[in-house]
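J.: Generate coordinates for the sequence data below:
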Amino acid sequence: MLFDTHVHLNADQYKEDLEEVINRALKEGISRMVVVGFDRPTIEKAMELVEKYDFIYASIGWHPVDAIDMKDEDLLWIEELASHPKVVAIGEMGLDYHWDKSPKDVQKEVFRRQIQLAKKVKLPIVIHNRDATADIVEILKEEEAREVGGIMHCFSGSPETAKECVEMNFYISLGGPVTFKNAKKPKEVAEAIPLEKLLIETDCPYLAPHPYRGKRNEPSYVKLVAEQIAEIKGISFEEVAEATTANAKKIFGIN
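T.: As a prediction, this is how the structure comes out:
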């Protein structure tokens, strides 16, 4: 059984065939998934999905690209929803210096406020990082995020940074890029980080693994991520599936 720890089945890309996409995932042995809401519409849709499917859970937060749009009432709303038994994490949150819609200082403030909220509601956090590693690590340390821990989603940094994050009580989640032929860093991370600190994800509909690169991603493809990690570590696919599922259930508090 596999656990896809980061999906966006609440995205418009699945409007036409969501049911078929979910059924394909179940056929491939994906037994659980966490759907991520990162603004009002996607959080609302995530909450609808967790009510409809017993194997889908939610992580809810505010995306750094849209940090400038977040109002106080949005954070209060997230706090209220966090008491739902199927909300298992806060996020995705973090910093994104690739897009310049939200100024860096605004992103940092919204990031800090969400870490504080997660500590208040006692849920782990899901981190989005694009071109902002040093600032993210600094804020996680300053806000003592290790208290709740969490997930470095679709990790793209160095093995050294990954180890630093593990020391701060974070799991390293690998997605499609670990299967790309030219992706050196994710492969090095898969090798360097112990299996008990790794998670797998698709981040679908984005970042489809090889041989689907450039196409719409979906949860059934998370199997390809697990197979690649098994190959890199020289262990069986079953070992990777079992360990990453156990890790996901542990961080999300799912029995």
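
J.: How about the contacts made by the closest residue to Ile125 other than its chain neighbours?
T.: Residue nearest to Ile125 in three dimensions, not counting chain neighbours: Gly150, with 3.8 Å by CB to CB, 6 or more residues apart in numbering. Glycine gets a C-beta too; all of them are placed from N, C-alpha and C. Counting by CB atoms under 8 Å, 6 or more residues apart in numbering, Gly150 touches 89, 91, 118, 124-127, 169-171, 251.

J.: from those, which ones fall inside strands?
T.: 89, 91, 125-127, 170-171 (DSSP state E).

J.: which one of those residues sits closest to Ala58?
T.: Ala89 (8.1 Å; CB to CB).

J.: For stretch 161-176, buried residues please.
T.: Of all the residues in stretch 161-176, those buried under the rule 16 or more other CB atoms under 10 Å are 161-166, 168-176.

J.: Can you give the distance of it from its chain's centre?
T.: 11 Å (CA atoms, centre = their mean, to the nearest Å).

J.: Ok, stretch 75-82 next?
T.: Relative to the centre of its chain, stretch 75-82 is centred 19 Å away, using CA atoms, centre = their mean.

J.: Next, the buried residues of the top helix by length along the chain.
T.: Secondary structure of the chain per DSSP state H: the longest helix is helix 104-121. Going by neighbour count (16+ other CB under 10 Å), the buried part of helix 104-121 is 107-108, 110-111, 113-115, 117-119.

J.: Would you point out the most distant pair within those residues?
T.: Greatest spatial distance among those (CB to CB): Gln107 and Lys119, at 19.1 Å.

J.: The residue nearest to Ile125 and Ala208: what is the separation?
T.: Applying CB to CB, to the nearest Å, the value for Gly150 to Ala208 is 25 Å.

J.: go on, Ile43?
T.: Taking CB to CB as the measure, Ile43 falls 24 Å from Ala208.

J.: which of the ones in strands among the contacts of Gly150 lies closest to Glu218?
T.: Among the ones in strands among the contacts of Gly150, and counting by CB to CB, the member closest to Glu218 is Val126, at 19.5 Å.

J.: At which residues are the helices of the protein located?
T.: Taking DSSP H as the criterion, the chain carries its helices at 18-27, 40-52, 72-81, 104-121, 133-142, 159-167, 184-192, 222-233, 237-252.

J.: Next up, the contacts around the closest residue to Asn255 other than its chain neighbours.
T.: Distances taken as CB to CB, 6+ apart place Lys249 nearest to Asn255, at 7.3 Å, with adjacent residues excluded. Listed by CB under 8 Å, 6+ apart, the contact partners of Lys249 are 3, 32, 255.
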